[in-house]
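**Q** model this:
(one chain, ligands or ions: 2)
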Amino acid sequence: MSKQKKQFLPIALDITDKKILIIGGDEDAYKKLKILQRSTNLIEVIAPQIISWIKNSGVVYHEKQYSKEVLKDYFLIYSCVEDPAFVRQLMRDTKEAGVLLNVHDQPDFCEFVSPAIYKHSNISVAVSSNGEDVYESIRMRNQLKDYFENYQLQKQLIAN
Ligand SMILES: C[C@@]1(CC(=O)O)C2=NC(=C\c3[nH]c(c(CCC(=O)O)c3CC(=O)O)Cc3[nH]c(c(CC(=O)O)c3CCC(=O)O)/C=C3\N/C(=C\2)[C@@H](CCC(=O)O)[C@]3(C)CC(=O)O)/[C@H]1CCC(=O)O
Ligand SMILES: NC(=O)c1ccc[n+]([C@@H]2O[C@H](COP(=O)([O-])OP(=O)(O)OC[C@H]3O[C@@H](n4cnc5c(N)ncnc54)[C@H](O)[C@@H]3O)[C@@H](O)[C@H]2O)c1
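**A** Numbers count the residues shown, from 1 in each chain. Ligands and ions are numbered 1, 2, ... in the order given. Next up is the predicted model:
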């Protein structure tokens, strides 16, 4: 039987005073951290080995293995670990703890996916392909970014 296609709902979540956990401490985790830092400072990282870029980014980090007891302290979990056995266990743990999980670059395992975002003051434009074509999302976000930046520029020119 063919697998049912996933459906993702684009929404905007209130993350005020809510901590986000990134599991994994390599370059992928760093990229994810930089994206999340555009929206919040309440991010923590856990991994047995953490690269210095992450350590120097001002984030709270825990240089140790993840264990499921930590999940209750966080609102969202982003995993940047490749090991499939680890991911399978993490999916069970997050389900049990009732916390939402994003698995970096693996839509089949994601309970939410990250859109490509353009943010200007209070306006956010978020593009998602329902987890199907991230390159198209990034391309479209970049086009929208150009459009909005030109629009801002034109407004400034008219005002002066
Ligand atoms: C938008 C962004 C947000 C973010 O990550 O926060 C994001 N990916 C970004 C970058 C990026 N991703 C990849 C590269 C190539 C370089 C590299 O390999 O490193 C780059 C470019 C780069 O890193 O510069 C590879 C990739 N990504 C996924 C797959 C698997 C697949 O498609 O099946 C593959 C392998 C594809 C292949 O086969 O080649 C999957 C996902 N990536 C998503 C989001 C979700 C879908 C969103 C949607 O619905 O469209 C989803 C489903 C899950 C998730 O991760 O949430 C962020 C842009 C940040 C920004 O520019 O602001
Ligand atoms: N079983 C497998 O198939 C398997 C397992 C591991 C890695 N790999 C492959 O090996 C390559 C490189 O592996 P890698 O070591 O860079 O990837 P990795 O996914 O093991 O590690 C990525 C990051 O996650 C962290 N991490 C690993 N286990 C963790 C845990 N229990 N708790 C918290 N953080 C943890 C690491 O410290 C690292 O920072 C990848 O391409 C991957 O596909 C395959």
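**Q** residues from this structure in reach of ligand 2?
**A** 23-26, 46-49, 65-66, 81-86 (CB under 6 Å from any ligand atom). Where you see a C-beta, it was placed from the backbone N, CA and C, and this is true even at glycine.
**Q** tell me the SS of Leu33?
**A** Three-state call for Leu33 (DSSP: H, G, I helix; E, B strand; the rest coil): helix.
**Q** just Leu157 next, same as before
**A** Counting by three-state DSSP, the backbone at Leu157 sits in helix.
**Q** run a quick neighbour tally on it.
**A** Counted with other CB atoms under 10 Å, the neighbours of Leu157 add up to 8.
**Q** name the element the one residue sitting closest to the centre of the chain belongs to?
**A** For the chain, the residue nearest the mean C-alpha position is Ser114 (5.1 Å; CA atoms, centre = their mean). According to DSSP states H and E, Ser114 maps onto no helix or strand at all.
**Q** list the contacts of the residue nearest to it when sequence neighbours are not counted.
**A** Spatial nearest neighbour of Ser114, excluding adjacent residues (CB to CB, 6 or more residues apart in numbering): Asn102 at 6.3 Å. Going by CB atoms under 8 Å, 6 or more residues apart in numbering, Asn102 touches 76-79, 110-114.
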